[in-house]
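**Student:** take this sequence and fold it.
(one chain, ligands or ions: 3)
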Amino acid sequence: MVVVSKPAIEQFSSYLKNNKPTTLFTQIPLVDLSKPDSKHQIIKACEEFGFFKVINHGVPMESISMLESEATKFFSLPLCEKQKTGQPQPYGYGHKRIGIHGDVGWVEYLLLTTNQDPSLHSFQTFRVALNNYMKSVKKMACEILEMMADGLKIQPRNVLSKLLMDEESDSVFRVNHYPPCPNVQPLSGNGNGNGDVIGFGEHTDPQIISVLRSNNTSGLQISLREGSWISVPPDQTSFFINVGDSLQVMTNGRFKSVKHRVVTNSVKSRLSMIYFCGPPLSEKIAPLPSLMRENRIFLRRLSSPDVIVADDEVKKKPVDRLVEEDLTGVKGQLLWRRNGGNCKLFLERNDLIMEQAKLILESYKSQDA
Ligand SMILES: C=C1C[C@]23C[C@@]1(O)CC[C@H]2[C@@]12CC[C@H](O)[C@@](C)(C(=O)O1)[C@H]2[C@@H]3C(=O)O
Ligand SMILES: O=C(O)CCC(=O)C(=O)O
Ligand SMILES: [Fe+2]
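**Tutor:** Numbering: from 1, shown residues only. Ligands and ions are numbered 1, 2, ... in the order given. Model prediction:
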């Protein structure tokens, strides 16, 4: 639900107060995929930001423009036409409500599986443009994942990309449309809690990596390690790569999944297209053996209370100490599962039945309440 309560100017000044541009000069890492040292740049960017921009990516501009124009046409259709793609459960057309946790944003979107998704059966030209685009983007994503494996000195180099190449890969594609938001309007729900104008509230993506582009319109922000937010300058010809929770787990916390959000624009529509590279359903997501330290799994809470991640930074976080004591040295695995449409990582311990693992997850939830 959208609530209009205060005059726009008052809300805007509150927005600025809560979103100080603390790091004006921080540059988003740029990786030129055609350069021989790109694997090292990728590793550095994933360690420091969990986010980077790529150029010389090999995705043809025509396939990008074709999909963008089909998506723009789609969002300009009357609501009843867009709803023919189905209710978002989770696939289909949705607006304002995002996911199952009551999140609200100034956004409409289309969420699709990358497999044979029936949602677009009456939008054939859209479907063709999408398949074309996804083929090239998937190829680029695999190349990036292989460069990551090289940079991490992990063998075989397809250890990450094979999850995406798997026929059962649980990848999703999302097109988000943020219409201009004329007034600065606070949204109810789980935005960022400051009454800001949120297009898509802060979160981390649960998948391995996400490949994002937009129509040259600002709005995307990422959170830096020290907690400040920076705006990502838009760029129509490049792609942006997000490290997701699954990759954070697989690298045993060496890469961090990036917290990000989208704020609205009062003048221009933002259109973003994102390929979320997910592992096959029920894939075991565990730190890659060569990146394990002391053969232990450390756990840290992520933005969603059900998602936990291997990381030894937990030692610095009092709220998680109990969990570390409970689980240090435990052999277990995180499974990629879907629950009511949302994909998540679930903990399954070798020495405990799932019910007990659930209890541990419950304790996260009660800390949040
Ligand atoms: C606000 C949310 C929407 C989301 C689930 C979440 O609680 C946090 C992650 C979001 C995300 C981002 C990537 C994909 O678009 C998505 C389908 C996913 O797997 O995680 C969405 C979720 C969603 O829209 O349900
Ligand atoms: O629209 C964007 O630029 C980002 C949206 C996003 O983070 C998501 O869909 O997961
Ligand atoms: Fe995201």
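**Student:** where does the stretch 151-300 of the chain dip in pLDDT?
**Tutor:** 183-196, 292-300 (pLDDT under 70).
**Student:** retrieve the pLDDT associated with residue 340.
**Tutor:** We note a pLDDT of 58 for residue 340 in this prediction.
**Student:** going along the chain, name the helices of the stretch 101-250 of the chain.
**Tutor:** 124-151, 161-165, 245-250 (DSSP state H, counting those that start in this stretch).
**Student:** which parts of the first one are buried?
**Tutor:** Using 16 or more other C-beta atoms under 10 Å as the test for burial, helix 124-151 gives 126-127, 129-130, 132-134, 137-138, 140-151. Yep, even glycine has a C-beta here, placed from its N, CA and C like the rest.
**Student:** which parts of the stretch 101-250 of the chain sit against ligand 1?
**Tutor:** By C-beta under 6 Å from any ligand atom, the residues of the stretch 101-250 of the chain that approach ligand 1 are 101, 103, 111, 172, 174, 203, 205, 206.
**Student:** from those residues, which land in strands?
**Tutor:** 103, 111, 172, 174, 203 (DSSP state E).
**Student:** so the third one sits right up against residue 114, yeah?
**Tutor:** Yes - here residue 172 reaches residue 114: they are 6.5 Å apart, a contact under C-beta atoms under 8 Å.
**Student:** and this structure, which residues reach ligand 2?
**Tutor:** 174, 176, 200, 205, 212, 214, 220, 260, 262, 272, 274.
**Student:** let's see that with 5 Å instead.
**Tutor:** Remark: the part of the chain in contact with ligand 2 comprises 174, 176, 200, 220, 262, 272, using C-beta under 5 Å from any ligand atom.
**Student:** next up, the contacts around the third one.
**Tutor:** Translated: residue 200. By C-beta atoms under 8 Å, 6 or more residues apart in numbering, residue 200 lies in contact with 98, 105, 107, 176, 178, 261, 262.
**Student:** and the last one, what element?
**Tutor:** Assigned by DSSP states H and E, residue 262 belongs to strand 260-263.
**Student:** tell me the first helix or strand C-terminal of that strand.
**Tutor:** strand 270-277.
**Student:** pull up the pairing partners for the next helix or strand after that next one, direction included.
**Tutor:** Next along the chain after strand 270-277, taking DSSP H and E as the criterion, comes strand 284-285. Counting by DSSP bridges, the strands paired with strand 284-285 are strand 332-339 (antiparallel).
**Student:** what's the farthest-apart pair in the ones in strands among the residues of the stretch 101-250 of the chain next to ligand 1?
**Tutor:** Within those, 103 and 172 form the most distant pair, 16.4 Å apart (C-beta to C-beta).
**Student:** please say which of those two ends up with more neighbours.
**Tutor:** Taking other C-beta atoms under 10 Å, residue 103 and residue 172 do not tie; residue 172 has more neighbours (22 against 18).
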